[in-house]
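A.B. asks: From the sequence below, what's the structure:
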Amino acid sequence: MADSDDRHDPAPSKSQLKRDAHAQQRLGEDLLSVPESDWHRLQLPENLMTALREAKKLSARGARKRQLQFIGKLMREVEPAPIHQYFDERREAARRQVQHQHAAEHWRERILHEGDEAIEAWLSEHPGGDRQHLRQLLRQARKEQAAKAAPKSSRTLFRYLRDLDEA
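C.D. replies: Residues are numbered from 1 along each chain as shown. The predicted structure is shown next:
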């Protein structure tokens, strides 16, 4: 008889059902920050997209709360895995973008401090870069630093490095 008990999973508790419902509602709320074009890409049901559009329009606290609860109810009918994957991909893209920003900052600082050696090292990793343009930006940035002027060329150097690194 013990085998028959092991085969049947106990029904989820009322508390677990509530936690699941709240998780679905939070997922629905997260969809409000997503562009509407991505809702179609996620193949959300039309009634859910309509509810999300309505929630975006609402500003009254009580009405918005009720609408979010309704969205949570509609979310129970939707498979959450593709939506979770979508948000994971967005977080990963943001993480990669931050890494590119940090790399560009690192190279800018290195070029400003080391000069031509750093430019050559950067060009060995990024053969599409323009050596003359980099040297010109370096000279201008150093002049601005010496004159204690706004770091316009330093910012331009950063953007140039970042754009080539992303390309």
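A.B. asks: now the helices for the protein?
C.D. replies: Counting by DSSP state H, the segments of the chain that form helices are 2-7, 14-31, 36-41, 46-57, 61-75, 81-114, 116-125, 131-146, 152-166.
A.B. asks: so can I have CSV of these showing mean pLDDT and mean neighbour count?
C.D. replies: Placement of C-beta: from N, CA and C, glycine included. Formatted as CSV, the helices of the chain follow (pLDDT from 0 to 100; neighbours: other C-beta atoms under 10 Å):
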stretch, mean pLDDT, mean neighbour count
helix 2-7, 54, 6
helix 14-31, 88, 15
helix 36-41, 90, 12
helix 46-57, 92, 15
helix 61-75, 91, 16
helix 81-114, 93, 14
helix 116-125, 92, 14
helix 131-146, 92, 15
helix 152-166, 90, 17
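A.B. asks: Quick check, residue 119 in contact with residue 133.
C.D. replies: No: contact criterion C-beta atoms under 8 Å: residue 119 and residue 133 do not qualify, at 10.1 Å.
A.B. asks: Using the record's domain definitions, break this structure down for me.
C.D. replies: 14-79, 95-166 (automatic domain parsing).
A.B. asks: got TSV for these, with distance to residue 86 too?
C.D. replies: Formatted as TSV, the domains of the chain follow (distance: least, C-beta to C-beta, whole Å):
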stretch	distance to residue 86
domain 14-79	6
domain 95-166	15
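A.B. asks: Residue 90 and residue 33: what is the separation?
C.D. replies: Taking C-beta to C-beta, to the nearest Å as the measure, residue 90 falls 10 Å from residue 33.
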